[in-house]
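# Any chance you can model this:
(2 chains)
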Amino acid sequence: DQQVKQNSPSLSVQEGRISILNCDYTNSMFDYFLWYKKYPAEGPTFLISISSIKDKNEDGRFTVFLNKSAKHLSLHIVPSQPGDSAVYFCAASSRGGSNYKLTFGKGTLLTVNP
Amino acid sequence: NAGVMQNPRHLVRRRGQEARLRCSPMKGHSHVYWYRQLPEEGLKFMVYLQKENIIDESGMPKERFSAEFPKEGPSILRIQQVVRGDSAAYFCASRQGVPYEQYFGPGTRLTVT
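Next up is the predicted model:
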């Protein structure tokens, strides 16, 4: 049973435009959400996170939105750059129990075309 | 400030051999996680350790797999009697107490022939 779902395996956008990556979760115990970026043959790189007490967090070109009632979050990248081309993973964690292990989606391959 | 280090980066083992994967967390991080990524899949949690303690091993197969994080030295993920289905990328991550973000190493790609 997949608790974190990224329903779009791939996304293609033009350089300079906005990229929107989506993620849905089913476990209502999740209260901390993260986005990671991954290049081939490398480890995931942390991008941005959001706590369930917020609905938006922004860091430079990256903004994450959280809709708790819909159990949905999204990552906006604006403007998109060719170097943003990578696989993006959504991850969720429950801080209860002091474990903080991450549950990942399967990822979305973003291609930014020059 | 060195990041999370993993070695080896690539490991080839024949069926039945043992695989040892090493992870050195970021300086100042005392929490270590191991994840496995199968082809076309997301990363899946295996085990969570703090120094000298296994906190949560609920994602690790009960047989053939073990992990440790000794007082001195790196964390070790050990796979005994490897089978072809163990072929995957194994990632280690570490974090401080707070904040909760985990930082990943480059991974070890295990191939079982």
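
# and the most centrally placed residue in chain B, helix, strand or coil?
Nearest residue to the geometric centre of chain B (CA atoms, centre = their mean): residue B:34, 3.7 Å. Counting by DSSP: H, G, I helix; E, B strand; the rest coil, the backbone at residue B:34 sits in strand.

# next one: the one 5 residues further on
On the three-state scheme (three-state DSSP), residue B:39 is labelled coil.

# Count residues in the vicinity of the nearest residue to it once chain neighbours are set aside, would you?
Sequence neighbours aside, residue B:88 is the residue nearest to residue B:39 in space, at 7.7 Å (criterion: CB to CB, 6 or more residues apart in numbering or on different chains). For every residue, glycine as well, the C-beta is placed using N, CA and C. For residue B:88, the count of nearby residues is 20 (other CB atoms under 10 Å in any protein chain shown).

# OK, contacts around the residue nearest to the centre of chain B?
B:23, B:45, B:46, B:47, B:60, B:67, B:75, B:77, B:90, B:91, B:92, B:93 (CB atoms under 8 Å, 6 or more residues apart in numbering or on different chains).

# Please name the spatially closest residue to it (chain neighbours excluded).
residue B:46 (4.4 Å).

# just residue A:105 next, same as before
Nearest to residue A:105 is residue A:6, by CB to CB, 6+ apart, at 3.7 Å.

# Please tell me how far that neighbour sits from residue A:88.
For residue A:6, the distance to residue A:88 (CB to CB, to the nearest Å) stands at 8 Å.

# out of the two, which sits in the busier spot?
The residue with more neighbours, out of residue A:6 and residue A:88, is residue A:88; 23 against 20, by other CB under 10 Å.

# hey, where'd the strands end up in the chain?
I'll assume chain A. Assigned by DSSP state E, the strands in chain A fall at A:4-5, A:10-14, A:19-25, A:32-38, A:45-51, A:56-59, A:62-67, A:72-77, A:86-93, A:103-104, A:108-113.

# meant chain B, my bad for not saying
Under DSSP E, chain B gives strands at B:5-7, B:10-13, B:19-24, B:31-37, B:43-50, B:53-56, B:65-68, B:75-79, B:88-95, B:103-104, B:108-112.
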